[in-house]
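Peer 1: quick one, structure for this:
(4 chains)
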Protein chains: 2
Amino acid sequence: MKREQVTIKDIAIELGVSISTVSRALSNNPLVKPETREAIQKLAKEMNYHPNFTALSLRQRKTRTIGLLIPQVVHEFFAQVIRGIEDVAYKQGYNVLISTSNESYDREARNAEELLNGRIDGLLACITKETSSIDHFEEYVSREVPLVFFDCVPDDILSDKIVIDDMDAGFKATEHLIKQGCTRIAFIGGPKALNTNQERLLGFENALKAYGLPVDKKMILHGTSGKYEEGLELSRALFSGDIIPNGVFAATDMLGIGAIKNVKEAGLQVPTDVAVIGFSNWEIGAIYEPGLSTIDQRGYELGKIATNRLLDRIHSDHQLPVTTKVIKTTLIQRGSTSRL
Amino acid sequence: MKREQVTIKDIAIELGVSISTVSRALSNNPLVKPETREAIQKLAKEMNYHPNFTALSLRQRKTRTIGLLIPQVVHEFFAQVIRGIEDVAYKQGYNVLISTSNESYDREARNAEELLNGRIDGLLACITKETSSIDHFEEYVSREVPLVFFDCVPDDILSDKIVIDDMDAGFKATEHLIKQGCTRIAFIGGPKALNTNQERLLGFENALKAYGLPVDKKMILHGTSGKYEEGLELSRALFSGDIIPNGVFAATDMLGIGAIKNVKEAGLQVPTDVAVIGFSNWEIGAIYEPGLSTIDQRGYELGKIATNRLLDRIHSDHQLPVTTKVIKTTLIQRGSTSRL
DNA sequence: TTTGCTTTTGAAAACGATTGCATTTAGATA
DNA sequence: TATCTAAATGCAATCGTTTTCAAAAGCAAA
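Peer 2: Down below sits the predicted model:
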C-alpha cells in the first residue's frame, strides 16, 4: 500500500510549481531561479525522493546496465572475472545483470534472447562448453548492440573478443616441465571441443616438438568436467599404461590436484618421480601439498579489459572496428614442479 | 545507428492497424480477430520483435528483477547462495541484479540507497562484517519495499531474516570434538563483532560447559579475515602458549586448514595429536589432506529459502508478518577429526 | 506607457508499452 | 432498408522522466 515512490510530480504539487521546474531544479539546470532550486532540492531530500530508474531508462533509451552471460558463478575464475567487471562498471556508474546458463546451451540461448529486450546497454558473454551454434548472438551483431566475448569465444562471429593466449600458456607450461627435466609428458584436459582446451593442447604439442620430444597420442587424455574426480580417473588411466609419464600438464588446477593425489596414492613422489603443472591459479593450488605450479589465468584483468572495451563501444557514437585482444599469462612455479 | 529496437508501433504501421490491436494480438487477447492476430504475430516474429522491458516495467510498475546485496562474489559460500537464488528466481521469471559491497560499509549503504530507485521489486541482503548502522535499510521498511536478510543479518530491523543456526552448529562441532576425545579445545574465529561468529563461539562455550570442560579465554582467538594465512597465525599463537590444545574448532574452513598446516609444521599429527574441525564445507576441505571435518552451511538452501520468502512478499497484496527462519546445519566428518 | 530584452516558468510531446472506453464495422433481424 | 447487436478496432490516458518550445514575468530603456 505504501510502496509508492515519491515522484517529481509530488514535489511539484507540494510546492505549487510545474513538473518541468522540479526536473530542472534537481538537475541543477541554471535556468531555474536559485531560491526555487534550493527549495525544491530541500524538499526532495526531505521527501526521500529517488528518481525513478525505469522512467529514466525509457526516456533516455539507455539503462546504465550491462549484461553478463556466463556458464556459472560457482567457479573461482568467473568470480575473479566478475570482480574485474564490477570494478570497472561501478566506477562508470553501470550495474551488472548476471545471467547464468548453468553450462546449458538452451539456457544460454534463452538468456541471450531475453537480454535483447532493451534492458541492457551491452553484453559481456562467455559461451558454454557445449555451445556450437551462435544464432542467438547474431541479432546483437545485426542490430549493433554492443557485445564483447571473453575467454570462451565463438570462432565465426564479427564481434570483439578478449581471450588469454592459451596456446602460449600451454607452451610455457610444457616447456617448464621440460626444463625441469621431464621427458615423458602427458596432457590431461577438458572437453575436446572446447577451444581454450584445444589451444592449450596445441601449445603442449608445439613445446614437445620444439624440444625434440615425441608426441604420443596415448599420453593425451580428455575429460568433460575438468574436476578433481576426473583428474583422479584420468591420472589412473595414464599411470596404468605401458609408458609411465614423469610430467603431467593438466588443463585445470583441479585436474592437476586430482592427478597429484593419484600419483601419491600410486606410491610415487611429486615432483621427484612426476612433476605436475595445472592451469588457472586457483587458491587451492597454493594451499595444497605440494603447492601446485600453474598458469595464472588473469580473470580479474580479463574482466576489466572486456568491460572497458564494452563501455567504449557503448559510448561511441560510431561503429568501432571489431578487435580481438589476446592476453599473455604468467607461470607460477610451486612445489609440484620444483625438481631442480 | 541501427541500434533501434523494433516496436509495437513499427508493426502497427507496417500492417496498417492500431497500436492497441498489435498489443492485444501479441498477448493473445481474444478481442482481436484470429486472422489479424496471426498476421501480427507472424510479422512480429519476422521483424524480430522483442517487447521493450523498460516500457513494460514502467507501465506495470514492476521490474521482475530482484536485487542481491552481498559483500563479495569471490567466495564459495556466496556463490552457492547465488545459485540457490538464481534457481528459484529464474523459475518464476525473475532476474537477479547483484550489487557487491566489497566488504565496505559505505559501498553497501550507497548500493542499498541506489536500489531504492524502483529498478528492483525486492531486495535480498547480507550485511558486511563492518556494518553497524542500518539506516540505509530503514526506508525499505517504511516504504514497505520487500526486503529479506540472510546469513549476516542486522539485529534491530523489522524485516524477514533467514539464518543458519550458528550457535547450534558451534555446539555440534565442539561436541563432536569432545566425543572424539578432545579435552583441551581451542576456538579460532573471525571478527569479534560479527554476529555469526559470536553465535558460533557461544555454541562452542555452551558445549564445553555442557560436557564439564573449562572455558579458557586464552584458548579463544579472533582474527579479521577468516583466511588461510590468518589460520596459520592464530594457530601459531595458540600452540606457543602454555596449554597445548588437542582440538581446534575453526569458524571457517580456511582458518581450519591454516590451523592444520601449522599443526603439521609443528611436528604434530592430525587428528591424533590435534583434531581440527572447520566451518562452511568448502570444496577444498574435501580435497585437502587430511580431509577437513566441517559444518555444512547450506548456502544453496539458504538462497532458495530467502528467495522464496522474498517472492512471496512481492506477490502478496497485503503486508505479511515478519519472520525469522533458522536453518539447521549438518556435520560432515572427515579425516581431520577421526580419532576413534 | 510602451517596447524590448532577459530571466524564469509551464505545457506538451516523447520514450514503448497496456487498457478502459468509445467508435466503427459487419452481420443478423425486423 | 432500417435497426440492433456483437465483434473488432482505435483513441487516449497512463507509468515518471526529460526537453523543446512557447509564454509569462520582471526590469530597463525609450
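Peer 1: what's near enough to touch A:Glu130?
Peer 2: Applying CB atoms under 8 Å, 6 or more residues apart in numbering or on different chains to A:Glu130 gives the contacts A:103-105, A:193. The way it works is simple: take the backbone N, C-alpha and C, and place the C-beta from them, glycine included.
Peer 1: so which strand or helix has the residue nearest to A:Gly258 when sequence neighbours are not counted?
Peer 2: Excluding the flanking residues, the one nearest A:Gly258 by CB to CB, 6 or more residues apart in numbering or on different chains is A:Gly231, at 2.0 Å. Counting by DSSP states H and E, the secondary-structure element that holds A:Gly231 is helix A:228-239.
Peer 1: cool, A:Tyr49 as well?
Peer 2: Counting by DSSP H and E, A:Tyr49 is part of no helix or strand.
Peer 1: just give the number of residues close to it.
Peer 2: A:Tyr49 has 20 neighbours, counted by other CB atoms under 10 Å in any protein chain shown.
Peer 1: thought it was touching A:Ala12?
Peer 2: No - counting by CB atoms under 8 Å, A:Tyr49 does not reach A:Ala12; the two are 11.2 Å apart.
Peer 1: what about A:Asp165, how many residues nearby?
Peer 2: That count, for A:Asp165 with other CB under 10 Å as the rule, works out to 15.
Peer 1: tell me where the stretch 101-250 of chain A has strands.
Peer 2: Per DSSP state E, counting those that start in this stretch, the stretch 101-250 of chain A carries strands over the ranges A:122-125, A:147-150, A:160-164, A:185-189, A:220-222, A:247-250.
Peer 1: any idea which of these is most buried?
Peer 2: Among the strands of the stretch 101-250 of chain A, strand A:247-250 has the highest mean neighbour count (mean count of other CB atoms under 10 Å in any protein chain shown), at a mean of 32.
Peer 1: tell me which residues are up against that one.
Peer 2: Residues contacting strand A:247-250 (CB under 8 Å, 6+ apart): A:170, A:173-174, A:177-178, A:180, A:182-189, A:200, A:204, A:231, A:235, A:238, A:256, A:258-259, A:263, A:274-279.
Peer 1: and the helix or strand harbouring A:Val96, what does it pack against?
Peer 2: Using DSSP H and E, A:Val96 sits within strand A:95-100. Here strand A:95-100 touches strand A:65-70, helix A:76-91, helix A:105-114, strand B:95-100, going by 3 or more CB pairs under 8 Å, 6 or more residues apart in numbering or on different chains; DSSP states H and E.
Peer 1: how about the secondary structure of the residue of the stretch 201-340 of chain A found nearest DNA strand C?
Peer 2: Nearest to DNA strand C in the stretch 201-340 of chain A, going by CB to the nearest atom of the strand, is A:Ile314, at a distance of 16.7 Å. When classified by DSSP: H, G, I helix; E, B strand; the rest coil, A:Ile314 comes out as helix.
Peer 1: contact partners for it?
Peer 2: A:Ile314 makes contact with A:62, A:66, A:121-122, A:146, according to CB under 8 Å, 6+ apart.
Peer 1: show me what from the stretch 51-200 of chain A comes close to DNA strand D.
Peer 2: A:51-52, A:54-56, A:58-60 (CB under 7 Å from any atom of the strand).
Peer 1: near chain B, list only the ones from the residues you listed.
Peer 2: A:51-52, A:54-55, A:58 (CB under 8 Å from any CB of the partner chain).
Peer 1: TSV please, covering the strands of the stretch 101-250 of chain A and showing mean pLDDT.
Peer 2: As requested, those are arranged in TSV below (pLDDT from 0 to 100):
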stretch	mean pLDDT
strand A:122-125	98
strand A:147-150	98
strand A:160-164	97
strand A:185-189	97
strand A:220-222	97
strand A:247-250	98
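Peer 1: quick one, which of the ones you listed is nearest to A:Ala286?
Peer 2: strand A:247-250 (15.7 Å; CB to CB).
Peer 1: mind listing what that closest one pairs with, with the direction of each?
Peer 2: Strand pairing for strand A:247-250, determined by DSSP bridges: strand A:185-189 (parallel), strand A:275-277 (parallel).
Peer 1: how far does it sit from the chain's center?
Peer 2: 24 Å (CA atoms, centre = their mean, to the nearest Å).
Peer 1: nearest to A:Arg309 among the strands paired with strand A:247-250 would be which one?
Peer 2: Here strand A:185-189 is closest among these (CB to CB), at 28.4 Å.
Peer 1: hang on, A:Ala44 packs against A:Leu26?
Peer 2: Yes - at 6.1 Å, A:Ala44 and A:Leu26 qualify as touching, with contact defined as CB under 8 Å.
Peer 1: more neighbours: the two, which one.
Peer 2: Neighbours per residue (other CB under 10 Å) separate A:Ala44 from A:Leu26, with A:Ala44 holding more: 21 against 17.
Peer 1: in terms of helices and strands, where is the more buried one?
Peer 2: A:Ala44 belongs to helix A:34-46, assigned by DSSP H and E.
Peer 1: other SSEs contacting that helix?
Peer 2: The contact analysis (3+ CB pairs under 8 Å, 6+ apart) places helix A:34-46 against helix A:8-15, helix A:19-26.
Peer 1: of the contacts of A:Ile314, list those near chain B.
Peer 2: Subset of these in contact with chain B: empty, counting by CB under 8 Å from any CB.
Peer 1: looking at those, which is nearest DNA strand C?
Peer 2: A:Lys62 (10.9 Å).
Peer 1: and chain A, what are its domain boundaries?
Peer 2: A:8-51, A:63-163+A:299-326, A:166-297+A:331-337 (automatic domain parsing).
Peer 1: get me the contact residues on chain A for DNA strand C.
Peer 2: A:16-21, A:24, A:30-34, A:36, A:55, A:58-59, A:61, A:118.
Peer 1: if we can go back for a sec, most neighbours among the residues of the stretch 51-200 of chain A next to DNA strand D, please name it.
Peer 2: In these, the most neighbours by other CB under 10 Å go to A:Thr54, 23 neighbours.
Peer 1: which helices and strands does whatever helix or strand that residue lives in pack with?
Peer 2: Here A:Thr54, judged by DSSP H and E, is contained in helix A:53-60. With contacts defined as 3+ CB pairs under 8 Å, 6+ apart, helix A:53-60 has these neighbours: helix B:53-60.
Peer 1: for the helix it packs on, C-alpha coordinates in PDB please.
Peer 2: Extracted C-alpha coordinates of helix B:53-60, given in PDB (Å, rounded to 0.1, in the frame of the first residue of the first chain):
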ATOM      1  CA  PHE B  53      11.500  -4.300 -21.000                       C
ATOM      2  CA  THR B  54      11.800  -0.800 -19.700                       C
ATOM      3  CA  ALA B  55       8.500   0.300 -21.100                       C
ATOM      4  CA  LEU B  56       6.800  -2.700 -19.600                       C
ATOM      5  CA  SER B  57       8.300  -2.100 -16.200                       C
ATOM      6  CA  LEU B  58       7.200   1.500 -16.200                       C
ATOM      7  CA  ARG B  59       3.700   0.700 -17.200                       C
ATOM      8  CA  GLN B  60       3.200  -2.300 -14.900                       C
END
